[in-house]
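1. Provide a 3D model corresponding to the input given below.
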Amino acid sequence: MKLSRYFHTLRHLRPVQFYGRLWFRLYRPRPDRRPAPPLRPVVGPWIPPPAGAPCLLGPATFRALNQTRTLAAPGDWNRPDWDKLACQSMG
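-> Numbering: from 1, shown residues only. Predicted structure coming up:
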């Protein structure tokens, strides 16, 4: 019964798939048990990255792609008169 199941499964495989199944069934990689490499020494003081301009300017005001918008009501973000987030040409 088991042999029949293997035959009906494996007969639909391409040779590379059969080889791959056999390889991953037999090959067992060994974990790397060497000690971890030492930590690099600290070269200088920590310099934080520059802070960008905030995108949320208020509870209903935001800035995206250099355009500031204010929502009149919840769900008001999908207005037909507002541009969608598309690429703008660099002037």
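2. On the three-state scheme, P50 is what?
-> Secondary structure, DSSP: H, G, I helix; E, B strand; the rest coil: P50 is coil.
3. pLDDT (mean, whole number) over the longest helix that the chain contains?
-> For the chain, the longest helix by residue count, based on DSSP state H, is helix 15-26. Mean pLDDT, helix 15-26: 85.
4. If you count contacts, what does the very next helix or strand once past it end up packed against?
-> Where DSSP states H and E defines the elements, the next helix or strand beyond helix 15-26 is strand 61-64. With contacts defined as 3 or more CB pairs under 8 Å, 6 or more residues apart in numbering; DSSP states H and E, strand 61-64 has these neighbours: strand 67-70. (C-beta placed from N, C-alpha, C; glycine too.)
5. Direction included, what does the strand it packs on pair against?
-> strand 61-64 (antiparallel) (DSSP bridges).
6. And for the strand it pairs with, what's in contact with it?
-> Strand 61-64 is contacted by residues A53, P54, C55, L56, L57, T68, R69, T70, L71, L85 when judged by CB atoms under 8 Å, 6 or more residues apart in numbering.
7. ok so, going back, could you export the longest helix of the chain as CSV, CA atoms only?
-> What follows is helix 15-26, C-alpha atoms only, in CSV (Å, rounded to 0.1, in the frame of the first residue of the first chain):
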residue,chain,number,x,y,z
PRO,A,15,13.6,14.3,-12.4
VAL,A,16,15.0,17.4,-10.7
GLN,A,17,12.0,17.4,-8.3
PHE,A,18,12.7,13.7,-7.5
TYR,A,19,16.3,14.4,-6.9
GLY,A,20,15.4,17.4,-4.7
ARG,A,21,13.1,15.3,-2.5
LEU,A,22,15.8,12.6,-2.2
TRP,A,23,18.5,15.2,-1.4
PHE,A,24,16.6,17.0,1.3
ARG,A,25,15.5,13.6,2.8
LEU,A,26,19.1,12.4,3.1
